[in-house]
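[1] Show me how the following folds:
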Amino acid sequence: MPILGFGIIAIAVIILDQLSKQYIQAHMLPGMSLPVLDNIFHITYVLNPGAAFGILENQQKFFIIIALLMLTFTIYFFQQIPDKFRLMRLGLSLLAGGAVGNVIDRIQTGYVIDFFDFRIWPVFNVADIAIVTGVGCVIYTLIFRSFPNENQEKSR
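    Reported below is the predicted structural model:
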């Protein structure tokens, strides 16, 4: 996947994330919850001032700096990853798109807008799904794919 593919996936995540959040903001009030499957899955409008599970509440500058650093490293390392590691490249694309989606919220409102509520897990959003999926792709690649060592690289 060339760098263009990386950008297209990341931008698609950002657009989907931001459109879904705009829809929630336009049609719901903070704290409002609509059951989709009663007591199983609700759409609940939450303004999250922290990270996952509400940790580090109101540390917006910290989250923005971390996300921008992560995005910078992702773009740098993406170019270093061989083409055959497509799953890792996909994971980094999803991770970058999700991180930018949540940073946009933090800059605009000071909160992250969450709304998927399965009642047994903290409320989350499209960006969070992309981040978790992206991290899963990266971890899977690191665990189950073999990387060439220096001797193998030199023999090519």
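
[2] how much space between the residue nearest to residue 41 when sequence neighbours are not counted and residue 138?
    Nearest residue to residue 41, sequence neighbours excluded (C-beta to C-beta, 6 or more residues apart in numbering): residue 118, at 5.6 Å. Where C-beta positions appear, they are placed from N, C-alpha and C, glycine not excepted. For residue 118, the distance to residue 138 equals 24 Å [C-beta to C-beta, to the nearest Å].

[3] Over to residue 81. Which of the three states is it?
    Classification of residue 81 by DSSP: H, G, I helix; E, B strand; the rest coil places it in coil.

[4] isn't it right next to residue 87, touching?
    No: using C-beta atoms under 8 Å, residue 81 is not in contact with residue 87, being 10.3 Å away.

[5] Now do the strands in the protein.
    33-37, 41-48, 112-117 (DSSP state E).

[6] could I have the last one exported to PDB, CA atoms only?
    Written as PDB, here are the backbone C-alpha positions of strand 112-117 (Å, rounded to 0.1, in the frame of the first residue of the first chain):
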ATOM      1  CA  VAL A 112     -14.300  13.600  22.600                       C
ATOM      2  CA  ILE A 113     -17.800  12.800  21.500                       C
ATOM      3  CA  ASP A 114     -18.700   9.200  22.200                       C
ATOM      4  CA  PHE A 115     -22.000   7.400  21.400                       C
ATOM      5  CA  PHE A 116     -21.800   3.600  20.900                       C
ATOM      6  CA  ASP A 117     -23.000   2.200  24.200                       C
END
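
[7] Compare residue 118 and residue 138 (neighbour count), which wins?
    residue 138 (20 against 13; other C-beta atoms under 10 Å).

[8] give me every residue that touches the more buried one.
    88, 91, 92, 95 (C-beta atoms under 8 Å, 6 or more residues apart in numbering).

[9] And for the first one, the neighbour number?
    Around residue 88 there are 22 other residues, counting by other C-beta under 10 Å.
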